[in-house]
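Enquirer: I would like to see how this sequence folds:
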Amino acid sequence: MTVLVCEPGSAGAVRASGPADAAGPHRVLRAVTCDGAWQQVPAPSPPDSGLAGASAVSPGDAWAVGYAGASALALHWDGSTWTESPVPQVGRVDDLTAVAMRSTHDAWAVGWFQRSSASAPRTLTYHWDGTSWSYRRSPDVGSSQDQLFGVTTGRAGTWAVGWGLSADGFVTEVQHLVGSKWQIVSSPNRGTGSNFLTGAATASPTDVLASGVADVGGGSSGYVAEWDGSSWKIPPSTIGPGVSFNAVAAGRGGRALAAGDGGARPKPFAEVRSRTGVWHGSRILVPKGEQGNLWGATWWGKNQALLVGQVGPRSGARSSTLIVGWDGSRWTIENSPSGYNQLFGTASTAGVSWAVGDAGSRRRQGTLVEENCPTTDTAGR
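Expert: Reported below is the predicted structural model:
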């Protein structure tokens, strides 16, 4: 089998992708041209399925996770094909929301499960050891329900974030992997209303980030919680009144960003952290008469970042994919395959990027994977 993998600096290269043909070599279902354009690529799509998170360590090694009916779903990219990997069933309903890779042989996926269709959700974690996914028990901070929506692994260890329901309402939840066991770590909350952590990223051994949102005075207030090597805090400069942060990503030299939406008719919104540690917020313009949400974020290169989500008319009758690029100074909406589609997760490595979500209609929904491998003039900046 010959697989042509686009590497940075190989303009015009294509990647052959498709399932094995019993008669011989792999059959090409779609040629992904490395020209800097987003293209939809074939991926397993069980009935009633969708993808929520992605992570990658090389152009030939990536994971995307989500759900398929009442089961957790994990798809692996090997450089030529997306394939489904078995995940042990834990509850009556299992759902994965995020994945983080440290290496080919070390990845974590998190989410939630229900023991029965009537029971409340509880935290769910799986570990990939290079061969298979295995269930790992995790604690719960809430008295009645808990969910994990972000995970990061790197030089500061492995962290998972989400929320739990206590007697006082929803509160933030942070878990740290110590040895082979997950442990609850004290985490901050804003005000006396409900708080939620929605994503996680590692910037350095003493800098872990978690995007969040609080109910303050009856309205949303987004923020980024930061772990400084000893404790979690919410720096005042990260607080964005009237917005919700759904994702966070960390770049080089202390740079980072948080992405979400804000307003009665939501518009995409993002905050960027400079090398000095100060956060600056900005709205992202979408076509007139439309509204949008950002659900996923990733950093690549020296100054580049990607945000993904959905955009559509204010009536909410339909939505299409939204991909926003950051070049270090401005936001640009990138062209991507659309339809009744939405994106929830994204990953980038060595100049190759993926965006994952779901596609179809309310009657028939399936997974969606889009890929972009840039040309020489845009790779590795």
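Enquirer: residues touching L177, list them.
Expert: When contacts are counted by Cβ atoms under 8 Å, 6 or more residues apart in numbering, L177 touches W108, G157, T158, W159, A160, Q183. From N, CA and C alone the C-beta is placed, and that goes for glycine too.
Enquirer: Got phi/psi on the third one?
Expert: The phi and psi torsions at T158 (degrees, to the nearest 10) take the values phi -120, psi 130.
Enquirer: neighbours of it, just the number please.
Expert: 23 (other Cβ atoms under 10 Å).
Enquirer: what helices or strands is the helix or strand containing D261 leaning on?
Expert: Using DSSP states H and E, D261 sits in strand 256-262. Applying 3 or more Cβ pairs under 8 Å, 6 or more residues apart in numbering; DSSP states H and E, we find strand 256-262 packed against strand 195-204, strand 207-216, strand 219-227, strand 243-250, strand 267-273, strand 290-300, strand 304-313.
Enquirer: most neighbours per residue, which of those?
Expert: strand 243-250 (a mean of 28; mean count of other Cβ atoms under 10 Å).
Enquirer: quick one, the strand holding D261 and strand 195-204 angle?
Expert: Inter-element angle recorded for strand 256-262 and strand 195-204: 160 degrees (by axes from the mean of the first three to the mean of the last three Cα atoms, to 10 degrees).
Enquirer: now that we have the contacts of L177, which one has the most neighbours?
Expert: Going by other Cβ under 10 Å, A160 tops the contacts of L177 with 29 neighbours.
Enquirer: what is the closest residue to W300 other than its chain neighbours paired to in the beta sheet?
Expert: Using Cβ to Cβ, 6 or more residues apart in numbering and skipping the chain neighbours, the partner closest in space to W300 is S348 (3.5 Å). Beta-bridge pairing of S348 under DSSP bridges involves S353.
Enquirer: how about S348, what does it touch?
Expert: Here S348 is in contact with A56, T298, W299, W300, L306, W354 (Cβ under 8 Å, 6+ apart).
Enquirer: for T104, same thing?
Expert: V57, S58, D61, G130.
Enquirer: try 7 Å
Expert: Residues counted as contacts of T104 (Cβ atoms under 7 Å, 6 or more residues apart in numbering) are V57, D61, G130.
Enquirer: got it, and Y223?
Expert: Residues near Y223 by Cβ under 7 Å, 6+ apart: R190, G212, A214, I234, T238, I239, G240, F245.
Enquirer: tell me which of those residues is nearest to I333?
Expert: Among the contacts of Y223, F245 lies closest to I333 (Cβ to Cβ), at 19.5 Å.
Enquirer: Could you check how far the closest one is from A225?
Expert: 10 Å (Cβ to Cβ, to the nearest Å).
Enquirer: shared neighbours of these two, anything?
Expert: G212.
Enquirer: how about P188, secondary structure?
Expert: coil (DSSP: H, G, I helix; E, B strand; the rest coil).
Enquirer: brain fart, G142
Expert: Following three-state DSSP, we place G142 in the coil state.
Enquirer: That one contacts A167, correct?
Expert: No. With contact defined as Cβ atoms under 7 Å, G142 does not reach A167; the gap is 9.5 Å.
Enquirer: So which of those two has more stuff around it?
Expert: G142 (21 against 8).
Enquirer: Quick check: that one vs T158, distance?
Expert: Taking Cβ to Cβ, one finds G142 at 21 Å from T158.
Enquirer: Next: A120.
Expert: 25 Å.
Enquirer: same check, this time on V171
Expert: Taken as Cβ to Cβ, the span from V171 to T158 is 21 Å.
Enquirer: And Q365, by the same measure?
Expert: Applying Cβ to Cβ to Q365 and T158 gives a distance of 31 Å.
Enquirer: Let me see the contact set for the spatially closest residue to S116 that is not a sequence neighbour.
Expert: Excluding the flanking residues, the one nearest S116 by Cβ to Cβ, 6+ apart is R92, at 5.0 Å. By Cβ under 7 Å, 6+ apart, the contact set of R92 is A70, Q114, R115, S116, S117.
Enquirer: what pLDDT does R92 get?
Expert: Looking at R92, its pLDDT is 96.
Enquirer: what's the neighbour count on A264?
Expert: Neighbour count of A264, defined by other Cβ under 10 Å: 8.
Enquirer: can you check G218 too?
Expert: The burial count for G218: 6, using other Cβ under 10 Å.
Enquirer: Ramachandran coordinates for V151?
Expert: Per-residue torsions, V151: phi -150, psi 140 (degrees, to the nearest 10).
Enquirer: got the contact list for whatever helix or strand W112 lives in?
Expert: When elements are assigned from DSSP H and E, W112 belongs to strand 106-114. With Cβ under 7 Å, 6+ apart as the test, strand 106-114 has contacts from 55, 63, 65, 72, 74, 90-101, 121-128, 147-148, 151, 153, 158, 160.
Enquirer: starting at the chain centroid, how far to stretch 234-253?
Expert: Centre-to-centre, stretch 234-253 and its host chain are 15 Å apart (Cα atoms, centre = their mean, to the nearest Å).
Enquirer: Over to stretch 179-190?
Expert: Its chain's average C-alpha position is 20 Å from that of stretch 179-190, according to Cα atoms, centre = their mean.
Enquirer: From here on, call the first residue 168.
Expert: I'll keep to 168 as the first residue from here, and by that count the last item is stretch 346-357.
Enquirer: got the buried residues for it?
Expert: W349, V352, S354, P355, N356, R357 (16 or more other Cβ atoms under 10 Å).
Enquirer: Can you give me the first-to-last residue distance of it?
Expert: Start-to-end span of stretch 346-357 (Cα to Cα, to the nearest Å) is 30 Å.
Enquirer: Kindly report the same for stretch 426-439.
Expert: End-to-end distance (Cα to Cα), stretch 426-439: 9 Å.
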